[in-house]
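> One predicted model, sequence on top.
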Amino acid sequence: MKELLRTTDPTKIALATLLLEGEGIPAFPMDVHMSVLEGSLGILPRRLMVRDEDLFMARAILAENGIAGEE
């Protein structure tokens, strides 16, 4: 698995996941439950992971839709 997106914005993770799944690329969000440790402040970034072989196409899909890879 490779990291595709790292952000503190949960809406970016949701949008990116939706776009990728619409193209048949499975995406796995990580660090989703870290808000419990941080006190729900939203300061710890969340990551979106994809399979190694899907990384190139996934980056192209996000770039095409104006979603940056890191924040």
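Received, thanks.

> Before we move on, what's the pLDDT of residue 40?
Per-residue pLDDT puts residue 40 at 60.

> can I assume residue 54 is in contact with residue 28?
No. Using CB atoms under 8 Å, residue 54 makes no contact with residue 28, being 10.9 Å away. Bear in mind the C-beta positions are built from the backbone N, C-alpha and C, glycine included.

> Between those two, which has more neighbouring residues?
residue 54 (20 against 13; other CB atoms under 10 Å).

> Could you pull up the contacting residues of that one?
By CB atoms under 8 Å, 6 or more residues apart in numbering, the contact list for residue 54 reads 20, 25-26.

> which phi and psi does the residue nearest the centre of the chain have?
Most central in the chain under CA atoms, centre = their mean is residue 48, positioned 3.0 Å from the mean C-alpha point. Backbone torsions for residue 48, taken as degrees, to the nearest 10, come to phi -120, psi 120.

> Just the pLDDT for it.
Residue 48 is given a pLDDT of 94.

> try residue 34
With respect to pLDDT, residue 34 has a value of 71.

> Without its sequence neighbours, what residue ends up closest to it?
residue 44 (4.6 Å; CB to CB, 6 or more residues apart in numbering).

> ok, how many other residues are close to residue 7?
18.

> How about residue 61?
Residue 61: 18 neighbours (other CB under 10 Å).

> and what of residue 20?
What residue 20 shows, counting by other CB under 10 Å, is a neighbour count of 21.

> Verify the contact between residue 6 and residue 47 for me.
Yes. If you go by CB under 8 Å, residue 6 and residue 47 touch, sitting 5.1 Å apart.
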